[in-house]
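**Q** How does the following fold in three dimensions:
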Amino acid sequence: MSRTTAIAVRELSKTYKDVRALDNVTLDLEPDRIYGLLGRNGAGKTTLMSILTGQNYADHGTAEIFGHAPFEHDPTLSRICFIRESQKYPDDFKVFQAFKSAALFFENWNEQLAQDLVQAFDLPTKRRIKKLSRGQLSAVGVIIGMASRADITFFDEPYLGLDAVARQIFYDRLVEDFAEYPRTIVLSSHLIDEVANLLEHVIVIDKGRIVIDSDAEQLRGTAVTVTGDAAKVQEFAGSAPVIHRDALGALSSVTIRATLDSDQREQAKLMGLDLSPVSLQQLVVRSALSNTTERGLDERTEARK
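**A** Numbering: from 1, shown residues only. Here you go, the predicted structure:
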């Protein structure tokens with residue numbers, strides 16, 4: 001593990017009964033960046049984060065945080081904050097008690113930031129946590145995750161209970177605080193287009209496999225949808241990898257992995273084809289569907305042997 005790596009994962013696998021939750025995952029995450037860990041329900045996101053935070057263990061492979069396996073390693077665990085959507089707190093805790101406990105555990109805890117966020121989310125700090133609404137409970141997790149200022153913070157979709165306005169407050173304050181106090185942040189989300197502008201690096205996991213691991217800026221523009229006469233679309237697409245295809249009679253719409261230059265765009269125009277950009281959400285969804293199709297073909301081929 002190099003000094004510029006915050007998280008190093010090598011050939012990590014985990015199986016629950018007959019479900020392969022992680023399948024030979026290898027990753028490197030650098031310090032002081034915001035990562036998006038994206039994928040569908042059951043893709044393996046939570047399993048991966050649970051192993052990285054020492055709350056679960058792998059069947060095979062290794063996971064290191066700053067050069068140490070996190071499982072039962074207190075010095076490493078003290079540098080990690082893991083906030084889940086279904087975060088649990090003691091039944092009789094009031095909101096302010098949850099924050100006091102967090103302040104004792106996280107050495108970088110910032111009380112001023114916590115109080116600012118309490119005001120922003122209009123959170124009743126003297127109310128028992130079990131009496132909170134889903135949105136208020138999400139706000140508690142978000143505040144702890146941000147105010148901890150842990151070296152590595154995992155957000156496993158705890159903000160899903162927030163309404164659109166509150167989620168935007170979270171996004172804005174996260175970027176603002178990260179700019180002043182950089183750390184490694186991993187956002188797991190289904191709301192891909194909402195978080196797209198926050199992300200510096202995108203990791204997409206599907207059926208336990210990594211299907212995209214790319215710098216966000218490099219990823220944008222790596223796919224395009226070509227629409228028009230089916231024969232011309234096929235001619236233009238050539239041998240480029242196809243990640244999605246629609247057809248209606250003589251018309252066709254194909255999403256290909258390709259970064260087009262000005263000459264290629266002019267060629268498409270002359271051929272009467274329409275080019276449209278692919279959003280991060282479309283790219284993630286279509287890559288996952290493509291992976292599912294390829295995996296199904298592989299499994300059927302293996303079964304025939």
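**Q** now whichever strand or helix holds residue 115, how far from the chain's geometric center?
**A** Using DSSP states H and E, residue 115 maps to helix 111-121. Centroid separation for helix 111-121 versus its chain: 25 Å, with Cα atoms, centre = their mean, to the nearest Å.
**Q** Counting by contacts, list what that helix packs against.
**A** Packing partners of helix 111-121 (3 or more Cβ pairs under 8 Å, 6 or more residues apart in numbering; DSSP states H and E): helix 95-105, helix 134-147, helix 164-180. (Glycine included, C-beta is placed from N, CA and C.)
**Q** most neighbours per residue, which of those helices?
**A** Highest mean neighbour count among those (mean count of other Cβ atoms under 10 Å): helix 134-147, with a mean of 23.
**Q** which strands and helices sit next to that one?
**A** Judged by 3+ Cβ pairs under 8 Å, 6+ apart, helix 134-147 is in contact with strand 80-84, helix 95-105, helix 111-121, strand 152-156, helix 164-180.
**Q** Which stretches in the protein count as helices?
**A** 45-52, 74-77, 95-105, 111-121, 134-147, 164-180, 192-195, 216-219, 230-237, 262-270, 280-304 (DSSP state H).
**Q** mind listing what's buried in the helix holding residue 115?
**A** The neighbour-count check on helix 111-121 (16 or more other Cβ atoms under 10 Å) flags 113, 114, 116, 117, 118, 120, 121 as buried.
**Q** Ok, stretch 21-35 next?
**A** 21, 22, 23, 25, 27, 29, 33, 34, 35.
**Q** For the third one, list the residues it contacts.
**A** Read that as residue 23. Taking Cβ atoms under 8 Å, 6 or more residues apart in numbering as the criterion, residue 23 is in contact with 13, 44, 207, 208, 209.
**Q** cool, the fourth one as well?
**A** By Cβ under 8 Å, 6+ apart, the residues touching residue 25 are 9, 11, 12, 13, 44, 48, 61, 205, 208, 209, 210.
**Q** before we move on, back to that, residues contacting the helix holding residue 115, please?
**A** Under Cβ under 8 Å, 6+ apart, the answer for helix 111-121 is 99, 103, 123, 125, 136, 139, 142-144, 146-147, 149, 166, 169, 173, 177.
**Q** re the thing from before, and which of the contacts of residue 23 is nearest residue 223?
**A** residue 209 (18.9 Å; Cβ to Cβ).
**Q** And the contacts of residue 23, which two are furthest apart?
**A** For the contacts of residue 23, the farthest-apart pair by Cβ to Cβ is 13 and 207; their separation is 12.5 Å.
**Q** remind me which residues of the protein are low pLDDT?
**A** 1-3, 287-305 (pLDDT under 70).
**Q** Map the structural domains onto the sequence of it.
**A** Domain assignment for the chain by automatic domain parsing gives 7-218, 221-304.
**Q** mind checking how far residue 94 is from residue 135?
**A** Look at residue 94 and residue 135: by Cβ to Cβ, to the nearest Å, they are 17 Å apart.
**Q** before we move on, back to that, buried subset of the contacts of residue 23?
**A** Among those, those buried by neighbour count (16+ other Cβ under 10 Å) are 44, 207, 208, 209.
**Q** can you redo the residues you listed as JSON lines with distance to residue 188?
**A** Output for these, formatted as JSON lines (distance: Cβ to Cβ, whole Å):
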{"residue": "44", "distance to residue 188": "11"}
{"residue": "207", "distance to residue 188": "16"}
{"residue": "208", "distance to residue 188": "15"}
{"residue": "209", "distance to residue 188": "16"}
